[in-house]
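1. here is the input, now give the coordinates:
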Amino acid sequence: MPLGTIDRTPPPFFKQGPSALTRLMFFSALAFFLMVADTRLNLTQPLRAVVATVLHPVQRSLLVPVDFLRTGGDYLSGLNEALTKEEAAQRQLSVQAQRIARVELLEQENARLRALLGLRPAIAARTRAAEVLYDAPDPFSRKVVVDVGSTHGVARGSPVIDETGVLGQVTRVYPLTAEVTLLTDKDAVVPILNTRTMARGVAYGDAANDAMELRFMATNADVQEGDLLSTSGVDGVYPPGLAVAKVFKVDRRADSAFAKIALQPVSSPASARHVLVLQPIGEQQPARPEPVEPAAPVQKKPGERR
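-> Numbering: from 1, shown residues only. Next up, the predicted model:
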């Protein structure tokens, strides 16, 4: 066999290309160049967009089991929570039904007693629903603005309540809105009645603590923590019997003739959303009689006998 016909090239297994170090440096430089070019020139952004578009259906299909498990867990937890709330609401409705039945019996008994004694029937205040729009811009006051005004029949001085009790009083009226001063405002004043002792008093707003204060009560006054205070109705503004606040601290100081009594409003002035605006009971009461001036003494004429 002639020697010229012999292939002297090494088999593929023994062929050697560039060294490993050379390839490492080349690919490292290429990677660095691509990173800089992508950062500065966004060269790979179209490629990324194409790849993301192509892989989006695959990603969505792979997320289906995860979404199913997550949605199923949320459904079961929400169902359990809904059942718990329904049970609590049923209990609350049963308690309220019993309370309403007792209130109806008391109202019937009150009407019979008033008819027996010849007293005027109790006043039923007219109401109008409203919604709180926003807080008043004054940061040093506790006031809100509601979406009813003079065109809706709202008058200045109208009481405002929510589902728990007294919220405040209308102090400014505009054609379409009204400004309500909350119970916790420094200028708020509400005549109250202690439902346990039937003692009257006056509750003032305490804006510094977002609470109220019962002032001018003697140190030995019968006031205890937890006492419920309601409107007395003697001011001609608030209907009687509306819940106002609860006593949560009584400080009987020896160096003062009056006790320092802190109150917590029953309502939530800071988070109220839907309210009722009542008509002041003074507008439904009969007018006060005019004072009768004493008659002038009759002058006796000389020689006239009595």
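2. stretch 149-167 spans what distance, first to last residue?
-> Stretch 149-167 has an end-to-end distance of 17 Å (criterion: CA to CA, to the nearest Å).
3. measure Val58 to Arg48 for me?
-> 15 Å (CB to CB, to the nearest Å). In short, each C-beta sits where N, CA and C put it, glycine included.
4. and for Glu81?
-> On the measure of CB to CB, Glu81 and Arg48 end up 42 Å apart.
5. next one: Pro175
-> 59 Å.
6. cool, Val237 as well?
-> On the measure of CB to CB, Val237 and Arg48 end up 69 Å apart.
7. of these two, who's got more company?
-> Val237 (19 against 11; other CB atoms under 10 Å).
8. quick one: contacts for that one?
-> Gly157, Pro159, Gln169, Pro280, Ile281, Gly282 (CB atoms under 8 Å, 6 or more residues apart in numbering).
9. which of those are buried? Put it as a ChimeraX command.
-> One line in ChimeraX is enough to select the buried ones among the contacts of Val237; burial here means 16 or more other CB atoms under 10 Å:
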select :157,159,169,280,281
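10. tell me which of the contacts of Val237 fall in strands.
-> Within those, residues falling in strands by DSSP state E are Pro159, Gln169.
11. mean confidence (pLDDT) on the longest helix seen in the chain, please.
-> In the chain, assigned by DSSP state H, the helix with the most residues is helix 45-117. The average pLDDT within helix 45-117 is 82.
12. next helix or strand past it?
-> Sequence order places strand 127-135 as the next helix or strand after helix 45-117, per DSSP states H and E.
13. does anything pack onto the next helix-or-strand element following that following strand? Which helices or strands?
-> Beyond strand 127-135 on the C-terminal side, the first helix or strand identified by DSSP H and E is strand 143-146. When contacts are defined as 3 or more CB pairs under 8 Å, 6 or more residues apart in numbering; DSSP states H and E, strand 143-146 sits against strand 127-135, strand 166-173, strand 178-182.
14. what does the first one contact?
-> Surrounding strand 127-135, the residues in contact under the criterion CB under 8 Å, 6+ apart are 143-148, 152-154, 160, 177-178, 272-279.
15. if we use 7 Å, what do you get?
-> 144-148, 152-154, 177, 272-278 (CB atoms under 7 Å, 6 or more residues apart in numbering).
16. closest one to Pro265 out of these, please.
-> Ala272 (10.4 Å; CB to CB).
17. tell me the domain ranges of the chain?
-> 21-121, 127-283 (automatic domain parsing).
18. just the ones you listed: most buried one?
-> domain 127-283 (a mean of 17; mean count of other CB atoms under 10 Å).
19. the most centrally placed residue in the chain and Thr164, how far apart?
-> The centroid of the chain falls nearest to Ser271 when counting by CA atoms, centre = their mean (1.6 Å). From Ser271 over to Thr164 the distance is 11 Å, taken as CB to CB.
20. Ala52 too?
-> From Ala52 to Thr164 the distance is 54 Å (CB to CB).
21. what bridges to Leu182?
-> Gly168 (DSSP bridges).
22. that one reaches Gln169, doesn't it?
-> No. At 8.7 Å, Leu182 does not count as touching Gln169 under the criterion of CB atoms under 7 Å.
23. skipping adjacent residues, who's closest to Thr44 in space?
-> Asp38 (4.8 Å; CB to CB, 6 or more residues apart in numbering).
24. that neighbour: what secondary structure?
-> State at Asp38, reduced to three classes by DSSP: H, G, I helix; E, B strand; the rest coil: helix.
25. follow-up on the earlier one: could you tell me the least trusted of the domains of the chain?
-> domain 21-121 - the lowest mean pLDDT of these, at a mean of 81.
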